[in-house]
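Novice: no sequence for this one, just the structure:
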Ligand code: PMM
């Protein structure tokens, strides 16, 4: 068990424990919620429910990253996300925008988003890092090896932990060189993105080694396929995505105990409880 030194990202909440980021996918086809929040009123209502459950941050995304997914146009991505960002911000939520596109990031920040969550770590668009530097927002830089349609072809590593760390180090360098402030930069190993279940478990088992990169770590494991495979029934059928929340909360505890800065989850209530238990476990008793 590991208790990391406190680490924060400037411009995001600092509750003194691992942050819980709730997910609002305004998409017709995300694997984790299958389009339940695609209609705008449903997306807003869902975001408000996550806020009421205590989400520290709400991550709004308009592009599904499910393996094999087709990309929406930038206009479509904006029309899905921006009104939701506006409504949730107006209700007092701290909102991040999950996008690989600088135009969407700019519009979302204009609409009230306070940080950019980029699953491509700046590789999806050459302009992204400079745009984030100019926006002066926090940036979550994820390990990525290509768009969803073909990413699983890239799930080949000799040493997944060393290679992900090395490639993240290069993206950290690129982010800082573009002018993103070091205190505003968080990293993410990108579970399930060009990774098999075994790769994900190796990265989790060695999560603490990523602390040497010097930036707060976000873990996005919630409802992912590798949890479905772990919990498969006797005939080998994976546990359905919507029935993986207890496992996701267990993962939130372990991530928090390994010093994760933030967990990105669908079921906020369970993960908030989970990280509070983890936080209390490692805290000293009051004298
Ligand atoms: N996973 C998904 C989408 N966005 N962002 C970050 N930083 N890390 C992740 O692991 C991540 C992400 C895909 O999952 P979803 O369909 O449940 O949103």
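Specialist: Thanks, I have it. All of these numbers come straight from a predicted model, not from anything done at the bench. Numbering: from 1, shown residues only.
Novice: so stretch 59-71, near the ligand or not?
Specialist: Yes: shown here: stretch 59-71 in contact with the ligand (C-beta under 6 Å from any ligand atom) through residue 65. The way it works is simple: take the backbone N, C-alpha and C, and place the C-beta from them, glycine included.
Novice: list the buried residues of that stretch.
Specialist: 59, 60, 61, 62, 63, 64, 65, 66, 67, 69, 71 (16 or more other C-beta atoms under 10 Å).
Novice: bridging residues for the third one?
Specialist: So that's residue 61. residue 25, residue 98 (DSSP bridges).
Novice: about what we covered before: from the buried residues of stretch 59-71, pick the one nearest the ligand.
Specialist: residue 65 (4.7 Å; C-beta to the nearest ligand atom).
Novice: residues contacting the residue in the chain that the ligand sits nearest to?
Specialist: At 2.2 Å from the ligand, residue 220 is the closest residue in the chain, using C-beta to the nearest ligand atom. The contact partners of residue 220, by C-beta atoms under 8 Å, 6 or more residues apart in numbering, come to 142, 188, 190, 191, 192, 263, 264.
Novice: which residue ranges of the stretch 1-150 of the chain form strands?
Specialist: Using DSSP state E, counting those that start in this stretch, the strands of the stretch 1-150 of the chain run over residues 19-25, 57-61, 95-98, 115-118, 139-142.
Novice: quick one: average pLDDT of the fourth one?
Specialist: Spelled out, it's strand 115-118. Averaged across strand 115-118, the pLDDT comes to 98.
Novice: next one: the residue of the chain closest to the ligand from residue 33, what distance?
Specialist: In this view, residue 220 and residue 33 are 14 Å apart by C-beta to C-beta, to the nearest Å.
Novice: circling back to that earlier point, any idea how far the residue of the chain closest to the ligand lies from residue 56?
Specialist: Between residue 220 and residue 56 the distance is 15 Å, computed by C-beta to C-beta.
Novice: do residue 20 as well
Specialist: 5 Å.
Novice: correct me, but residue 76 touches residue 70?
Specialist: No: in this structure, residue 76 is not within contact of residue 70 by C-beta atoms under 8 Å, at 10.8 Å.
Novice: endpoints of stretch 207-219, how far apart?
Specialist: 9 Å (C-alpha to C-alpha, to the nearest Å).
Novice: need the contact list for the closest residue in space to residue 88 that isn't next to it in sequence.
Specialist: Of all residues not flanking residue 88 in the chain, residue 47 sits nearest, at 4.4 Å (C-beta to C-beta, 6 or more residues apart in numbering). Residues counted as contacts of residue 47 (C-beta under 8 Å, 6+ apart) are 22, 24, 58, 60, 84, 87, 88, 91, 93.
Novice: circling back: just the ones of the contacts of residue 220 in strands?
Specialist: Of those, the ones assigned to strands by DSSP state E are 142, 188, 263, 264.
Novice: which parts of the protein are helices?
Specialist: Counting by DSSP state H, the chain has helices at residues 40-52, 74-90, 102-110, 128-135, 160-177, 197-205, 225-230, 245-257, 268-282.
Novice: in JSON lines: the ones you listed, plus mean pLDDT and distance to residue 184.
Specialist: Output for those, formatted as JSON lines (pLDDT from 0 to 100; distance: least, C-beta to C-beta, whole Å):
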{"stretch": "helix 40-52", "mean pLDDT": "97", "distance to residue 184": "23"}
{"stretch": "helix 74-90", "mean pLDDT": "98", "distance to residue 184": "19"}
{"stretch": "helix 102-110", "mean pLDDT": "98", "distance to residue 184": "13"}
{"stretch": "helix 128-135", "mean pLDDT": "98", "distance to residue 184": "8"}
{"stretch": "helix 160-177", "mean pLDDT": "98", "distance to residue 184": "9"}
{"stretch": "helix 197-205", "mean pLDDT": "98", "distance to residue 184": "24"}
{"stretch": "helix 225-230", "mean pLDDT": "98", "distance to residue 184": "30"}
{"stretch": "helix 245-257", "mean pLDDT": "98", "distance to residue 184": "21"}
{"stretch": "helix 268-282", "mean pLDDT": "96", "distance to residue 184": "22"}
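Novice: perfect, that will be all.
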